[in-house]
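Colleague: Attaching a predicted model along with its sequence, questions to come.
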Amino acid sequence: MKHTTVQMIRAHLVTASVAATAIDVCVVSLLFFCKIPQTLFETTTFRVLTFGLLLAAVLITRHAARVAFRAAVKRRHAHFVGPRRDAVCVSTICPARGLVILHLHFTGMPYVPVHATGW
(Lines give C-alpha, C1' and ligand atoms only; values in the text may rest on other atoms or scores of the structure.)
Protein backbone atom coordinates (compact mmCIF):
# COMPACT_ATOMS: atom_id res chain seq x y z
CA MET A 1 0.00 0.00 0.00
CA LYS A 2 1.32 3.46 -0.88
CA HIS A 3 2.46 5.77 1.90
CA THR A 4 -0.05 8.48 0.92
CA THR A 5 -2.92 5.98 1.08
CA VAL A 6 -1.87 5.00 4.58
CA GLN A 7 -1.76 8.68 5.57
CA MET A 8 -5.26 9.23 4.14
CA ILE A 9 -6.69 6.29 6.07
CA ARG A 10 -4.86 7.30 9.25
CA ALA A 11 -6.13 10.90 9.04
CA HIS A 12 -9.72 9.75 8.70
CA LEU A 13 -9.38 7.21 11.53
CA VAL A 14 -7.77 9.71 13.90
CA THR A 15 -10.48 12.27 13.15
CA ALA A 16 -13.20 9.69 13.79
CA SER A 17 -11.44 8.60 16.99
CA VAL A 18 -11.33 12.15 18.34
CA ALA A 19 -15.02 12.55 17.51
CA ALA A 20 -15.83 9.23 19.19
CA THR A 21 -13.95 10.34 22.30
CA ALA A 22 -15.98 13.56 22.40
CA ILE A 23 -19.19 11.56 22.07
CA ASP A 24 -18.05 9.24 24.87
CA VAL A 25 -17.36 12.21 27.14
CA CYS A 26 -20.86 13.53 26.44
CA VAL A 27 -22.45 10.14 27.15
CA VAL A 28 -20.55 9.65 30.40
CA SER A 29 -21.41 13.16 31.57
CA LEU A 30 -25.08 12.53 30.76
CA LEU A 31 -24.95 9.28 32.72
CA PHE A 32 -23.42 10.84 35.83
CA PHE A 33 -24.79 14.36 35.92
CA CYS A 34 -28.24 14.04 34.39
CA LYS A 35 -28.99 10.52 35.70
CA ILE A 36 -30.15 9.26 32.30
CA PRO A 37 -30.66 5.48 32.32
CA GLN A 38 -27.88 3.43 30.78
CA THR A 39 -30.32 1.38 28.69
CA LEU A 40 -30.98 4.46 26.55
CA PHE A 41 -27.44 4.22 25.17
CA GLU A 42 -27.82 0.56 24.19
CA THR A 43 -30.55 1.08 21.59
CA THR A 44 -30.22 0.87 17.83
CA THR A 45 -31.40 4.45 17.54
CA PHE A 46 -28.49 5.66 19.65
CA ARG A 47 -26.03 3.62 17.59
CA VAL A 48 -27.37 5.06 14.33
CA LEU A 49 -27.27 8.56 15.83
CA THR A 50 -23.67 8.02 16.95
CA PHE A 51 -22.66 6.80 13.50
CA GLY A 52 -24.29 9.89 11.98
CA LEU A 53 -22.45 12.15 14.41
CA LEU A 54 -19.12 10.46 13.59
CA LEU A 55 -19.72 10.84 9.87
CA ALA A 56 -20.73 14.47 10.30
CA ALA A 57 -17.64 15.19 12.41
CA VAL A 58 -15.32 13.75 9.76
CA LEU A 59 -17.07 15.63 6.94
CA ILE A 60 -17.06 18.92 8.87
CA THR A 61 -13.38 18.48 9.71
CA ARG A 62 -12.58 17.75 6.05
CA HIS A 63 -14.47 20.88 4.99
CA ALA A 64 -12.73 23.08 7.59
CA ALA A 65 -9.35 21.70 6.52
CA ARG A 66 -10.13 22.37 2.84
CA VAL A 67 -11.16 25.95 3.62
CA ALA A 68 -7.96 26.47 5.64
CA PHE A 69 -5.85 25.05 2.79
CA ARG A 70 -7.45 27.33 0.20
CA ALA A 71 -6.94 30.34 2.48
CA ALA A 72 -3.29 29.39 3.06
CA VAL A 73 -2.64 29.11 -0.68
CA LYS A 74 -4.43 32.41 -1.31
CA ARG A 75 -2.42 34.18 1.42
CA ARG A 76 0.82 32.53 0.26
CA HIS A 77 1.34 30.57 3.49
CA ALA A 78 1.41 27.38 1.41
CA HIS A 79 2.87 26.82 -2.00
CA PHE A 80 3.42 23.94 -4.37
CA VAL A 81 6.98 22.64 -4.78
CA GLY A 82 8.77 19.94 -6.71
CA PRO A 83 9.42 19.30 -10.37
CA ARG A 84 5.74 18.58 -11.09
CA ARG A 85 4.36 21.00 -8.49
CA ASP A 86 2.57 18.13 -6.75
CA ALA A 87 3.97 18.52 -3.22
CA VAL A 88 3.01 21.30 -0.81
CA CYS A 89 5.14 23.23 1.68
CA VAL A 90 3.39 25.10 4.51
CA SER A 91 4.95 28.11 6.20
CA THR A 92 5.63 27.96 9.94
CA ILE A 93 3.75 31.23 10.43
CA CYS A 94 0.55 29.93 8.85
CA PRO A 95 -2.26 30.51 11.38
CA ALA A 96 -4.07 27.29 10.47
CA ARG A 97 -1.00 25.16 9.77
CA GLY A 98 -2.39 22.08 11.51
CA LEU A 99 -5.60 22.14 9.48
CA VAL A 100 -3.68 22.73 6.26
CA ILE A 101 -1.45 19.72 6.92
CA LEU A 102 -4.52 17.69 7.89
CA HIS A 103 -6.06 18.58 4.51
CA LEU A 104 -2.92 17.34 2.79
CA HIS A 105 -3.20 14.06 4.68
CA PHE A 106 -6.93 13.78 3.91
CA THR A 107 -6.33 14.23 0.18
CA GLY A 108 -3.09 12.29 -0.10
CA MET A 109 -1.04 15.25 -1.34
CA PRO A 110 2.64 14.95 -0.45
CA TYR A 111 3.74 17.30 2.32
CA VAL A 112 7.26 18.71 2.28
CA PRO A 113 8.62 20.01 5.61
CA VAL A 114 9.73 23.65 5.64
CA HIS A 115 13.36 22.86 6.55
CA ALA A 116 13.66 20.69 3.41
CA THR A 117 12.81 23.60 1.13
CA GLY A 118 14.55 26.44 2.94
CA TRP A 119 11.45 28.58 2.77
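Modeller: Now that the structure is in, tell me what you want to look at. Numbering: from 1, shown residues only.
Colleague: Now do the phi/psi pair for A96.
Modeller: Phi and psi for A96, reported as degrees, to the nearest 10, are phi -120, psi 40.
Colleague: confidence score at the nearest residue to it once chain neighbours are set aside?
Modeller: Once flanking residues are discounted, A96 sits nearest to A68: 3.9 Å by C-beta to C-beta, 6 or more residues apart in numbering. Where you see a C-beta, it was placed from the backbone N, CA and C, and this is true even at glycine. Per-residue pLDDT puts A68 at 97.
Colleague: OK, contacts around A68?
Modeller: When contacts are counted by C-beta atoms under 8 Å, 6 or more residues apart in numbering, A68 touches A96, L99, V100, H103.
Colleague: any idea which element it lies in?
Modeller: helix 44-74 (DSSP states H and E).
Colleague: Please compute how far whatever helix or strand comes next after that helix lies from its chain's middle.
Modeller: Going down the chain from helix 44-74, the next helix or strand is strand 78-81, by DSSP H and E. Taking C-alpha atoms, centre = their mean, to the nearest Å, one finds strand 78-81 lying 20 Å from the centre of the chain it belongs to.
Colleague: Show residues contacting strand 78-81.
Modeller: The contact list for strand 78-81 (C-beta under 8 Å, 6+ apart) reads 69, 72-73, 86-91, 94, 100, 112, 117, 119.
Colleague: Averaged pLDDT, that strand. What do you get?
Modeller: On average, strand 78-81 scores 90.
Colleague: Walk me through which strands it pairs with, and which way each runs.
Modeller: Applying DSSP bridges to the sheet, strand 78-81 is found paired with strand 87-90 (antiparallel).
Colleague: what residues does the partner strand touch?
Modeller: 72, 77-81, 97, 100-101, 104, 109-114, 116-117, 119.
Colleague: Also stretch 7-16?
Modeller: Under C-beta under 8 Å, 6+ apart, the answer for stretch 7-16 is L54, A57, V58, T61, R62, L102, H105, F106, T107, G108.
Colleague: Right, I'll call it a day here.
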